[in-house]
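>>> this one's sequence-less:
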């Protein structure tokens, strides 16, 4: 599992769309789809229910989304700490 795969999953789950998530992360939709697919395949799980253009996290995906929310909040906190120390 890579950081990029977790970030891709997190963005898609939050935005409910691969297209909107790709725009938010400034990557192409195929790149994002490939990252989420790689994460699911590496662990043999389904994290997102794909319904046409809309996407919703599965039960497991909702649990992972809760974890990634905390992970990226801690990342932002660490960034703020280091930025404050610089000033």
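Everything's here; your move. Keep in mind that what you see is a predicted model, and the values were worked out from it rather than measured. Numbers count the residues shown, from 1 in each chain.
>>> and the helices in the protein?
If DSSP state H is used as the criterion, the helices of the chain fall at 3-15, 18-25, 29-43, 59-86.
>>> ok, residues contacting the third one?
Okay, so that is helix 29-43. For helix 29-43, contacts defined as CB atoms under 8 Å, 6 or more residues apart in numbering pick out 1-2, 4-9, 11-12, 18-19, 21-22, 25, 46-48. Heads up, the C-betas are built off the backbone N, CA and C, glycines and all.
>>> return the distance of it from the chain's centre.
10 Å (CA atoms, centre = their mean, to the nearest Å).
>>> ok, the spatially most central residue of the chain - contacts?
Nearest residue to the geometric centre of the chain (CA atoms, centre = their mean): residue 10, 2.0 Å. Residue 10 makes contact with 65, 68, 69, 72, according to CB under 8 Å, 6+ apart.
>>> the same query, at a cut-off of 6 Å, please.
residue 68 (CB atoms under 6 Å, 6 or more residues apart in numbering).
>>> also residue 25?
By CB under 6 Å, 6+ apart, the contact set of residue 25 is residue 11.
>>> now do it against residue 41, distance only.
Separation of residue 25 from residue 41 (CB to CB, to the nearest Å): 20 Å.
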